[in-house]
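Student: Give me a model of this one.
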Amino acid sequence: MAKTRTVGVAVDFSPTSKSALKWALHNLTDKGDRLILINVQPSHSDHTRKDLFHDTGSPLVPLEELRETNLVKQYGIPRDPEVMAILDTGSKTRGAKVEAKVYWGDPKEKLCKAVNQLQLDSLVVGSRGFGPIKRVLLGSVSNHVVRNASCPVTVIKGSPSAKCSR
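Tutor: You can find the predicted model right below:
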């Protein structure tokens, strides 16, 4: 029997992070694997649970609870019907257990922390495709995570034109 894996996907609800989510579901998950959506909110956000979970991140939120408006509001996760449709379809067709976790702070640091805390076997992130000047001025989350994460990291650029096969 194959070992189940835990795959993290950094999701900020941008088109590129949705592409990363689709890619992870189609290419990295099998029946019994865990897929954890990792959302990093800014430190200055005003969500009710931020102070309580600032250091550890929120508890893991199962897919079923992500549909609840009140819970979503507590953690600052936007209600995104496209993401929910991707998750519903992916969890049914791939057989993966889907959960979400919210962190507050710098995405570069929090994603690397999540890799260790959640014992991820792999992390998938989207890249906004900054040019060299913007990358120097603003920094690149994906570059930082690739260099510092303790697990393999896959960077997805934009929307893949076709589903990759295994």
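Student: Return the distance of stretch 122-129 from the chain's centre.
Tutor: Offset of stretch 122-129 from its chain centre (Cα atoms, centre = their mean, to the nearest Å): 9 Å.
Student: Output it in CSV with nothing but the alpha carbons.
Tutor: Coordinates of the C-alpha atoms in stretch 122-129 are reproduced here as CSV (Å, rounded to 0.1, in the frame of the first residue of the first chain):
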residue,chain,number,x,y,z
SER,A,122,5.2,18.8,-1.0
LEU,A,123,4.2,22.5,-1.4
VAL,A,124,2.7,24.1,-4.5
VAL,A,125,2.8,27.9,-5.0
GLY,A,126,1.8,30.2,-7.8
SER,A,127,4.1,32.8,-9.2
ARG,A,128,2.9,36.3,-10.2
GLY,A,129,5.7,36.5,-12.7
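Student: What residues sit buried inside that stretch?
Tutor: Under the neighbour-count criterion of 16 or more other Cβ atoms under 10 Å, stretch 122-129 has 122-128 buried. Backbone N, C-alpha and C define where each C-beta goes, glycine included.
Student: Cross the residues you listed against strands and list the overlap.
Tutor: Using DSSP state E, the members of the buried residues of stretch 122-129 that fall in strands are 122-127.
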